[in-house]
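Enquirer: Pasted the sequence and its predicted model underneath.
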Amino acid sequence: MGIGFQEIIVIALIVLLLFGGKKIPELMRGLGKGVKSFKDGMNGVDDDEKNSAKKD
């Protein structure tokens, strides 16, 4: 993807300036919950496909 260490630092500084230090943990917590929900949903779709294949 070509994102180096310097680019990550610049992005982190921009996020820090936009949201402030107190909001970042809350944002990361929400992002983590969203990713977990997405993974759970994808696992549910996989399970549904496996169950329907077994029935056929």
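Expert: Ah, there it is.

Enquirer: Against I24, how distant is the residue nearest to the spatial centre of the chain?
Expert: Closest to where the C-alpha atoms of the chain average out (Cα atoms, centre = their mean) is V35, at 3.7 Å. Distance from V35 to I24, counting by Cβ to Cβ, to the nearest Å: 16 Å. C-beta: built from backbone N, CA, C; applies to glycine.

Enquirer: Can you read off the pLDDT for the residue nearest to the centre of the chain?
Expert: Looking at V35, its pLDDT reads 92.

Enquirer: from here on, count from 7
Expert: Let's use 7 as the start, then, which means that last one is V41.

Enquirer: Within the helices and strands, which one has it?
Expert: helix 30-61 (DSSP states H and E).

Enquirer: what packs against that helix?
Expert: Helices and strands touching helix 30-61, by 3 or more Cβ pairs under 8 Å, 6 or more residues apart in numbering; DSSP states H and E, are helix 11-25.

Enquirer: what's the weakest-modelled helix or strand in this structure?
Expert: Within the chain, no helix or strand scores below helix 30-61, which has a mean of 82 by mean pLDDT, DSSP states H and E.

Enquirer: Taking helix 11-25 as reference, get the angle to that helix.
Expert: For helix 30-61 against helix 11-25, the angle by axes from the mean of the first three to the mean of the last three Cα atoms, to 10 degrees is 110 degrees.

Enquirer: Would you mark the buried spots in helix 30-61?
Expert: When burial is assessed from 16 or more other Cβ atoms under 10 Å, helix 30-61 yields no buried residues.

Enquirer: what's the offset of it from the middle of its chain?
Expert: How far helix 30-61 lies from its chain's middle: 11 Å, per Cα atoms, centre = their mean, to the nearest Å.
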